[in-house]
Structures are given as C-alpha cells and as structure tokens.
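> Sequence below, structure please.
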Amino acid sequence: MAETTPTILWLRRDLRLSDHPALCAAVARGEPVIPVYIRDDLLHGLGAAPKWRLGLSIADVKARLEERGSGMVLRSGDALKVLRQLVEETGAGAVYWSRAYDPDSIARDKDVKAGLSEDGVEAESHLGHLMFEPWTVETKTGGFYKVYTPMWKAVRDRDVPEPLATPKDIPTPGTWPESETLDDWALGAAMNRGAEVCLPFQRVGEEAAQGRLGWFVGHAIGAYDDMRDLPAEDGTSGLSENLALGEISPRQCWHASQRAMRDGGGKGAEAWLQELVWREFAYHLAYHTPRITTDNWREEWDAFPWNEDETRDDVVAWKRGRTGEPFVDAAMREMYVTGRMHNRSRMIVASYLTKHLLSHWKIGQRWFEEHLTDWDPASNAMGWQWSAGSGPDATPYFRVFNPETQIEKFDKSGGYRKRWIAEDYSQPTKTALSYFDAIPRSWGLSPDDPYPDRIVGLKEGRQRALNAYEDRPF
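So this is what the prediction gives:
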C-alpha cells in the first residue's frame, strides 16, 4: 500500500452505490478506494429504532461492496481521530465524503476537514442527500426561504442533474485495514423483542428502494394526490426510510417523477415532487437556522406554557397509544410495529400532543427520535414545529385538528383503526396484535384489556388550547 495513496470513502447517510458523487469522485481519482463507516458520537446518540435500522443498511451496502470485490472498514471513535489513524495505516492521500446538512453533522465535518487539511490530506466533501444545496437557493433579495411555497416555485423548474451511474469497478487496496465487526456493534440491542416484530416491515437497501420506486411510479403515483391522506391505503411512495439513510437519492426520485409526469402522471406526480421539495425545505431551514432542531423556530413561543413533564399520565397514555382517540392510538401503534407512521397520522398525533394535551413538541420530537426507523433530523424537527405552531410555514397556531372528524374523513371504512387497534374487536388483526409483541413488557398491556375512554374531551381540549393562545405575542 505504500506505493499507492488510497482514497478513503467515509460513508454516512449515503448507503448506496448508484448516484453517489463521493464514490464516483473517489473512483475517478484512480487510486484504491477504502470505504469506511465510523461509529462516532452522533451514531451513539441515535434512538433505538433508527440505530437498529442503520445497522441493517450498513450490512446491506457492505454486502453489495463485497459482491463487487470491494469491502468496508468499520471503526469506532472520534471521526477525525479514526480518519487520521486510517490515513497513517494506509498512506491515504485523500478522504472523500457526502455532505450532511444538520447542525451536529456540519460541526463535526468542519473539524474533520480542518484537521485533515492541516495534515496535508486532501479532504473533499460532495453533494449529499439533497438536490439543492441550501446555500444555492436564495430569495430575490439574497436571503433564505422561510416559507415553503415560494421556495417550491423557485426550484420546481431548476435543472436537476441526471443521477450518476454505479461505477463499473471500484479499485481495491492490496491490503485492507483491520475492521471491527457489525455484530460487535450491536446496533439493535435497544430494540429488544421489537426488532423481530418490526423487521418484516422494513425495505432495506438500495435494491429494495429502487424496486419500491419502480412500483410507486408504475402503479400509484398518478393517484398520489388523492390517496396520500388515506392511512389505510398503500398510496404513498414508502421511501422515507430509504431517503433518510441514503439508500436512494432524491435525484433518482425527482427524475422518476418527472418521467411519470411526461407519461401522464400529472397531478399526482407533481404533488410528490412537492413532497420531495418539502424535505429539501426542512434541510434548507436546518442549515440557515440550526435552532429549528433544538428550540422554537419562532422565539416568541419560548414563553408559551407547554407541559414539559414526560411522566404525566396523559403524556404516558399518548406514548402508549392509549388515549381513547382511535386515530391517535392507531398511529402510535403503527409506529411501534412498523417503525414508520403515515404522514397524515403524524400531523394528528402531533396536534393532539401539543394542543389537546398542551405538551411541548420536544416531547414528541424525542419520542419519534427513539421509535422511527425513517427518523430524519430536519424533517422530524420541522414537522413537529409545523404542527405545534412554533415553526416556519406552520399551520395557523390556533388550528386544532379534531382526531374524531379526521378519522371519519380519512378512514371512512375503518380499515386503519382495525389494522392497528385490537381491543374491543372479537377477531383482532395480526398487525393489531403485533403491537403487544413490540412494546415493552413493563407496560403490562394485553389485547384483552378494554379500549380506554378518552383522556380528554375533544371540545374541552380544543378550548383549553385556544384559551392558552389568547393574549400571546404570536
């Protein structure tokens, strides 16, 4: 290896081989490529479900690399220290990676780039998991967008480069550095018995993501605008977990949707394009206003009297899917069994927690961080603040979703309720019963328990929220 200067490819949320600018640049450099994944503090900080799901993705891309005669090195520790050690061991002349746009990753990556550059190592970042770099999208006055619709109008006709092909050959080193084992990392340990329940609902890896994209574009995208709010139907792309981990790129999704529009996908395809840009908007804001991931985006909400006690009985009932509101409870149970939650359901459970229960959006944000396999730092934060009213482009703060009328509107057949709620049904569905296998035994719940009464009256909860909003400086 002393006769070469390998390129270290530092993988993060870009766990695929196609449309991978950093990988393509590393191959083009003409030296051996050493893919590396680092278990650093940011990985340690992940919740149980996203950490487990990440482990599945690492295993998948590692296998795909090995099929091509390449491999992946696993190391633990501070990212800069690990990379410096690998440079010393391999004689690497460059370290390439895909950019990340959340505040914690940006801080880490700046330190890595500065440290490696100091050492005389070429440190190069490439387009990451977005289509539009946040600093390239500006208002006419040169600022960043604070409202979604103007941003959508600004980017919808932009030229998005065609996805890059998978490199035919990935040059390998004569000798591979030592690697830790994924089993020793035990990334799924905190999932306990929930992992077995959740696994069948995951679409792991690049091949599965591409297959799902093909199905969606071929069979469902035309009706997407009509079907996306119906949680009992398979009317969405279902690609959130794959986008979150970079198993598929947004450029691949964008161009597939553009082709669908040309082939008659029309309104549905355009609606899905808008959802892709909504994701871009979340990262646009996380980049320009990092506080959105940790604090009220609208600072005037700092004085709002939200409950912050996570152990309060009504909050515990919300967490366990035992509020007595079928839409809320079905959604929470869907999350425990599948690791995901329908987008319409996310709005309902978030509105219920922050408005009917007047509890802080941070409680919900943290709970989702722990239980969603498609967890995404920017989208999760913006979604919660949008629902609570404290964020940008938020639904009017005084709008309180009524979960009863919402479920009657979007689940007229009752299929969603029956799929996820077992109590009071003489023959519960398998998915509804799976909830009791997924949750901690310490909760002491059984499908034989009666379904709970409402923990708060809907009119009472709505009025309490409206009263709290009065005389506030919003």
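> Spit out the contact partners of Thr294.
Listed by C-beta atoms under 8 Å, 6 or more residues apart in numbering, the contact set of Thr294 reads 103, 381. Glycine gets a C-beta too; all of them are placed from N, C-alpha and C.
> do that again at 10 Å, thanks
Thr294 makes contact with 103-104, 362, 365, 381 under the criterion C-beta atoms under 10 Å, 6 or more residues apart in numbering.
> Give the ChimeraX command for selecting the buried subset of those residues.
With 16 or more other C-beta atoms under 10 Å as the burial test, the buried ones among those are selected in ChimeraX as follows:
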select :103,362,365,381
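> Specify which member of the contacts of Thr294 is nearest to Leu445.
Gln365 (24.3 Å; C-beta to C-beta).
> Help me confirm that the closest one is found in a helix?
Yes. The assignment for Gln365 is a helix, going by DSSP: H, G, I helix; E, B strand; the rest coil.
> which residue packs closest to it, ignoring adjacent ones?
Nearest non-adjacent residue to Gln365, counting by C-beta to C-beta, 6 or more residues apart in numbering: Trp384, 4.7 Å away.
> Distance check, that neighbour against Ala48.
Applying C-beta to C-beta, to the nearest Å, the value for Trp384 to Ala48 is 19 Å.
> Over to Ile421?
Separation of Ile421 from Ala48 (C-beta to C-beta): 23 Å.
> which one of the contacts of Thr294 sits closest to Tyr435?
Comparing the contacts of Thr294 against Tyr435 with C-beta to C-beta picks out Gln365 as the nearest, at 22.2 Å.
> My read is that the closest one contacts Asp295, right?
No. Using C-beta atoms under 10 Å, Gln365 makes no contact with Asp295, being 11.1 Å away.
> okay, and the common contacts of these two?
Common neighbours of Gln365 and Asp295, counting by C-beta under 10 Å, 6+ apart, are 381, 385.
> domain parsing for the protein?
Listed by automatic domain parsing, the domain ranges of the chain are 1-128, 191-287, 299-469.
> Any chance of CSV for these, columns distance to Val155 and mean pLDDT?
Compiled in CSV, these are given as follows (distance: least, C-beta to C-beta, whole Å; pLDDT from 0 to 100):
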stretch, distance to Val155, mean pLDDT
domain 1-128, 15, 96
domain 191-287, 6, 95
domain 299-469, 15, 96
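> just checking, what packs against the helix or strand encompassing Leu213?
Taking DSSP states H and E as the criterion, Leu213 maps to helix 205-215. Judged by 3 or more C-beta pairs under 10 Å, 6 or more residues apart in numbering; DSSP states H and E, the packing partners of helix 205-215 are helix 48-67, helix 240-245, helix 250-260.
> Quick check: which of these is nearest to Ala154?
Among the helices and strands packed on helix 205-215, helix 250-260 sits nearest to Ala154 (C-beta to C-beta), with 15.1 Å.
> Pull up the gap between Arg13 and Val61, please.
Noted for Arg13: a distance of 11 Å to Val61, by C-beta to C-beta.
> now do Ala48
Applying C-beta to C-beta to Ala48 and Val61 gives a distance of 21 Å.
> How about Gln258?
27 Å.
> who's more crowded, the two?
A count of neighbours by other C-beta atoms under 10 Å puts Val61 above the other of Gln258 and Val61, at 23 against 15.
> Trp10: what secondary structure?
Under three-state DSSP, Trp10 falls in the strand class.
> Just give the number of residues close to it.
24.
> mind listing what it touches?
Trp10 sits next to 22, 26, 34-38, 79, 82-83, 86, 95-98, 109, 112, 123, 125 when contact means C-beta under 10 Å, 6+ apart.
> And what about the residue nearest to it when sequence neighbours are not counted, helix, strand or coil?
In space, and not counting its chain neighbours, Trp10 is closest to Trp97: 4.0 Å by C-beta to C-beta, 6+ apart. At Trp97 the chain is in strand, as set by three-state DSSP.
> Trp97: neighbouring residues, count only.
Using other C-beta under 10 Å, Trp97 has 24 other residues around it.
> returning to what we had before: what angle do the helix holding Leu213 and helix 250-260 make?
Angle, helix 205-215 to helix 250-260, by axes from the mean of the first three to the mean of the last three C-alpha atoms, to 10 degrees: 20 degrees.
> Outside of the helix or strand that helix 205-215 is followed by itself, list whatever touches it.
Per DSSP H and E, the first helix or strand lying C-terminal to helix 205-215 is helix 224-227. Helix 224-227 is contacted from outside by 216-217, 220-221, 233-237, 257, 260, 265-272, 274-275, using C-beta under 10 Å, 6+ apart.
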